[in-house]
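**Student:** One predicted model, sequence on top.
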Amino acid sequence: MEWGLLDEDYDYWQEIARSRYGDMLHDEDRNEKYSRGLKKAIDAVHARGEKANVLDIGTGTGLLAMLAVRHGADKVTACEAFQPVAQAAKLIIADNGMEDRIKLVGKRSTALTVSANGAGDLDERCNILVSEVFDTELIGEGALGVFIHAHEHLLTQDVITVPYAATVYIQVIQSDFLAQHNHLADNIGLNVPVEWRDCPGSASVHDLQLSQLYPRQDFRRLSEILPLFDFCFSKREGLKFQDARTLQVTPRKAGRCDAVFMWWDLKMDPESDIILTCAPTWAQNSDPQVEAAAVGPQGDAPATVVVPSRPPWRDHWMQAVYHLTPQLKIHPGNPFFVHAVHDEYSLSFGVSHSATTNTDHLKHLVCTCYAHIVMNRSRMAMLSNVARVKFWARTLQKMASPNLNLLYIGAPSNIPLLAAKQSWKNVFVIENDHLAAQILRTWLKATEGETRVTVIEKLTDLVSDIDFDSQKIDVIVSEPYFTCALLPWQHMLILLSYVEHLRPHLSPNFKMVPWEARIKGCLMEFDDLWKIRAPVGTVEGVTLDKFDELMESAMAKADSSIEPQPLWEYPGRILSDVFTVHIFDLDRPLVKDFLSVSGTVEAVTGGKYNGIAFWVEYSFPLDGTDMVWTTGLDGLPQAGEYVRWNPYHRQGVYLARHGSDIARGEKLSYECLIDYESGEMSGKFTLLSGGDGQPTPPSETTKPPASASASDTLQ
C-alpha cells in the first residue's frame, strides 16, 4: 500500500459526506419530538399575545426552521456556518416553498448581530430558540457557549428554548471487557509496566452503543442510575461553563470500579411532557428475562444474539464510557464517592472513599505513559484477550527452534514478548515509528525480554544485512495488524508490501505465519446501520430531496464504497452462507496492482437485504492442522439469526443505498475490485431474479479506486 494523490476538493466533499446529517434525519423519534416541542413553544408564545420569533441555530438542512413555519411561527431566522450545507439548506427551503418565510444567514450564531434599523442579521431579539448542537457528551460541540451567547446577545428574557433542558445520567460499573480497553490485562502472563497501569489513558471520550453490552454478562452495575448535571437551556442562570459534583453511593455488593457509563435526556418543553432519551436499551427495559436472553461481545456460544425490542436507534448520539484510574475496590455497605467535573466541552470522573477528595486532577486527565497514544482502545483490548495470547503462545512454541531466526512485523504487540520466552535463535522486530519502538522496549523491559529481542527502528526498505547481524530470516510472524490500516484486508496488503522489501534478507525456505488469508463475505439485513447511507426523502412532511442529492454526490466523490465499521455494535441478521471472495497465499508476492473477482451468492433465508459484510480469516499451521483466526464472524450462526462479531477488529461493510426485499433462493452477483495500492475495495452488486419471484431492483455500482482505470475495473 502506498499514499495516493487525491482530488483537490477531496476534503471538502469528505466533510459533507461525514457530517452525519443523514443519521440525524433518519432519527424519527428525534424529529418528531423536536417538532412537538416547537409547536408547543410557538403555541405558548401566541398564548401570551406575542408573535413567535424563532431563531434556529445550526440549521443544517433547514428542517427545524421549516417545522417552525409549519407550526405557525411569525418570523424565522436560521443560521448555518458550514457553507456547503447552508447552500443545500437554501435549495431545500426553496424546494418546500418557504424561501420567503425563512431568513437564512451563513454565519455562526456567535457572529449574528441584532439591529432595529435593519442593519443586523436580526431585527430584534428572538423569543423562541431551537437548536440541535449536541453530541454524545451533550456539550462536546460547544452547546454551552452557543446557548450562553444567545441568551446574552440574541434572545429575550422570557425566551422558550427547544429543548428546554437536559439531564446527564451516570452509572458506575465493573467490566473486564471495558477495562481492557484502557489498561492491559494483568491475567495474560506478561508483566505490564507500572507507568502504564497507573496512567489515566486517552483523554478522548469512549463512545459506544451501550445497548450492545448486556448486564451480568459484559458488566456489573455497582450503582443505580444517578442524575448528575442539569442544564436549563431556557435560563441563562441555568448554564455554567464549569461545574463539579460529588455523589455518594452505598454498594450492595463488592466490586471494582472500572468505568462510568453516561448518557443524557432532553426535556423538549417546560413541563417535561416530551422527553428524548439516549439511554441504552437495558436502562429502559428492566425485564430480567430480556437481559438474560441477550449475548454481548463477551458471551459464549451459541453465536446467535437474541436482540430485544430496542428504543430508537441513534449513531450520532451514542453513550459514553469514562474509564477510571485507579480502579477503586468497594465493599458492601461501605460508601464510596463519584467525583464529576465538566468544563465547556467535556466531562471527567473519578472515584474515591472520601467525599472531600481533591478533584483538580480530573480537569487534566491525559495519557502520561504514551502507550495509549500508540495503541488505540480496541488494540489494547485485543492485546489483553486471553484466548488470543494463548493462541499465539502455542503457535510460536510449536515452531520455535534454536536454529531459526524470527522476525515480527506489525504494530507494537505482545507477540515479540512471547517469542522472547521461547527457544528462537534470534527475535527481531522492525518498527520505524520511534514512539512505538520506545513503547515496545518499555514492555520488553517489564517482561525481562529486552536482551532477547532486537528492535530495528527503520523502514522495511531501508533495512540492511547488518541490522540482522548478517543472518537470514527463517520465520516472519505477523497478526497482521498495522495502526495505519482501517479495512481488514489493508493489514494483509501492508504486510505483503513489507515482505517484498525484505526478500533479500529471507532464507530460501522462509515461512510466513499466518500462511494464508481469505477474504470472506455474507449478505446482511442490518437493523439500523443502513440508515447512514440511505436517502432521507421526506421528514415530518418536509421534502429533503436536495439534501439527498448533495450527500449522494459527496459520498461518490469522497467515500470508499466499502467502509470500516465495528459491526459488533450494529445488530443484523445473516441472510446467506459465508462465501469466499479470494484466497491469498502469503508466502507468494502479489503479481498485479489489483485483484478483480466475481461470483454469486444465494440467500438462504428471506429478509431485507441492505448490506454485505466482509472480513479476513487467517490460517495458521498448528499440530499438523490449520487453525483459523477470524477478524469477522465470531462463531457460525444459522441463516436468519442475529450474529456476533469479533469486537476487536473493524469489518468492511457495503451498505446498499436502496435496500431490497430478498427471497430464499434469490441470488446476488458481485464483481469486486481490490486496489493493492490504496487497499480499497469497490464493486458492483446486483440482485438477480429467482427464488420466490421477488422483483429485481436496479443494480448498484460503486466507484472504482482512483488508481484503477475504468477498463481495469472488472476483468
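**Tutor:** Thanks, I have the structure now. Residues are numbered from 1 along each chain as shown.
**Student:** hey, which helix or strand in the chain has the poorest pLDDT?
**Tutor:** Comparing every helix and strand of the chain by mean pLDDT, DSSP states H and E singles out helix 288-293 as the least confident one, with a mean of 37.
**Student:** And the lengthiest helix in the chain, what does it pack against?
**Tutor:** Of all the segments assigned as helix in the chain under DSSP state H, the longest by residue count is helix 28-47. In this structure, helix 28-47 makes packing contacts with helix 63-70, strand 126-131, strand 155-162, strand 275-277, judged by 3 or more C-beta pairs under 8 Å, 6 or more residues apart in numbering; DSSP states H and E. Any C-beta I mention is one placed from the backbone N, CA and C, and that applies to glycine too.
**Student:** CA atoms of it as CSV?
**Tutor:** Included here for helix 28-47 are C-alpha records, laid out as CSV according to Å, rounded to 0.1, in the frame of the first residue of the first chain:
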residue,chain,number,x,y,z
GLU,A,28,-37.7,9.6,13.6
ASP,A,29,-38.0,9.9,17.4
ARG,A,30,-35.7,13.0,17.4
ASN,A,31,-37.5,14.6,14.5
GLU,A,32,-41.0,14.0,16.0
LYS,A,33,-40.1,15.3,19.5
TYR,A,34,-38.3,18.4,18.1
SER,A,35,-41.5,19.1,16.1
ARG,A,36,-43.8,18.7,19.1
GLY,A,37,-41.5,20.8,21.2
LEU,A,38,-41.5,23.6,18.6
LYS,A,39,-45.3,23.5,18.2
LYS,A,40,-45.7,23.7,22.0
ALA,A,41,-43.3,26.6,22.3
ILE,A,42,-45.0,28.6,19.4
ASP,A,43,-48.4,28.0,20.8
ALA,A,44,-47.2,29.2,24.3
VAL,A,45,-45.8,32.4,22.9
HIS,A,46,-49.0,33.0,20.9
ALA,A,47,-51.0,32.4,24.1
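**Student:** Go through that helix and flag the buried ones.
**Tutor:** Across helix 28-47, burial judged by 16 or more other C-beta atoms under 10 Å covers 30-31, 33-42, 44-45.
**Student:** can you redo those as TSV with pLDDT and distance to residue 526?
**Tutor:** Formatted as TSV, the entries for the buried residues of helix 28-47 read as follows, by pLDDT from 0 to 100; distance: C-beta to C-beta, whole Å:
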residue	pLDDT	distance to residue 526
30	96	20
31	96	21
33	97	24
34	98	25
35	98	27
36	98	29
37	98	30
38	98	31
39	98	33
40	98	35
41	98	36
42	98	37
44	98	40
45	98	42
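**Student:** ranking the helices and strands packed on helix 28-47 by burial, who's on top?
**Tutor:** helix 63-70 (a mean of 27; mean count of other C-beta atoms under 10 Å).
**Student:** Show me where the stretch 251-400 of the chain has its strands.
**Tutor:** Secondary structure of the stretch 251-400 of the chain by DSSP state E, counting those that start in this stretch: the strands cover 255-256, 259-267, 275-277, 319-323, 329-330, 336-342, 347-352.
**Student:** and residue 555, which of these is closest to it?
**Tutor:** Among these, strand 319-323 comes nearest to residue 555, with 26.8 Å by C-beta to C-beta.
**Student:** Neighbouring strands - and their directions - for that closest one?
**Tutor:** Strand pairing for strand 319-323, determined by DSSP bridges: strand 206-208 (antiparallel), strand 259-267 (antiparallel).
**Student:** ok, and which of those strands has the densest surroundings?
**Tutor:** Comparing the strands paired with strand 319-323 on average neighbours per residue, with mean count of other C-beta under 10 Å, the densest one is strand 259-267 at a mean of 24.
**Student:** what's the angle between that strand and strand 155-162?
**Tutor:** An angle of 110 degrees separates the directions of strand 259-267 and strand 155-162 when computed by axes from the mean of the first three to the mean of the last three C-alpha atoms, to 10 degrees.
**Student:** quick thing: my sequence starts at 455, can you match it?
**Tutor:** Understood, numbering begins at 455; the last thing we discussed is strand 713-721.
**Student:** Dump the strands paired with strand 773-777 into TSV; add mean pLDDT and distance to residue 947 as well.
**Tutor:** What follows is the strands paired with strand 773-777, written out as TSV (pLDDT from 0 to 100; distance: least, C-beta to C-beta, whole Å):
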stretch	mean pLDDT	distance to residue 947
strand 660-662	95	29
strand 713-721	98	35
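**Student:** Would you format the ones you listed as CSV with distance to residue 1115 included?
**Tutor:** What follows is the strands paired with strand 773-777, written out as CSV (distance: least, C-beta to C-beta, whole Å):
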stretch, distance to residue 1115
strand 660-662, 31
strand 713-721, 34
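**Student:** Where does pLDDT dip in this protein?
**Tutor:** Applying pLDDT under 70 to the predicted model, the residue ranges of the chain that meet it are 455-475, 739-764, 1012, 1076-1078, 1143-1169.
**Student:** and residue 907, which of the strands paired with strand 773-777 is closest to it?
**Tutor:** Taking C-beta to C-beta as the criterion, strand 660-662 is the member of the strands paired with strand 773-777 that comes nearest to residue 907, at 31.2 Å.
**Student:** circling back: looking at the strands of the stretch 705-854 of the chain, spot the one closest to residue 581.
**Tutor:** Minimum separation from residue 581 across those (C-beta to C-beta) falls at strand 713-721, 18.8 Å.
**Student:** what's that closest one in contact with?
**Tutor:** Applying C-beta atoms under 8 Å, 6 or more residues apart in numbering, the contact partners of strand 713-721 are 487, 588, 591-592, 617-627, 629, 632-633, 636, 664, 682, 728-734, 737, 773-778, 792, 801, 803.
**Student:** separation between residue 950 and residue 1041?
**Tutor:** Summarising the geometry, the distance separating residue 950 from residue 1041, computed by C-beta to C-beta, to the nearest Å, is 10 Å.
**Student:** pretty sure residue 693 is touching residue 686, no?
**Tutor:** Yes - in terms of C-beta atoms under 8 Å, residue 693 counts as a neighbour of residue 686; the distance is 7.0 Å.
**Student:** Relative to residue 648, which of the strands paired with strand 773-777 is closest?
**Tutor:** Between the strands paired with strand 773-777, strand 713-721 lies closest to residue 648; by C-beta to C-beta that is 21.2 Å.
**Student:** can I get the strands of the stretch 705-854 of the chain in CSV with distance to residue 648?
**Tutor:** Conversion of the strands of the stretch 705-854 of the chain to CSV gives the following (distance: least, C-beta to C-beta, whole Å):
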stretch, distance to residue 648
strand 709-710, 18
strand 713-721, 21
strand 729-731, 41
strand 773-777, 18
strand 783-784, 18
strand 790-796, 24
strand 801-806, 20
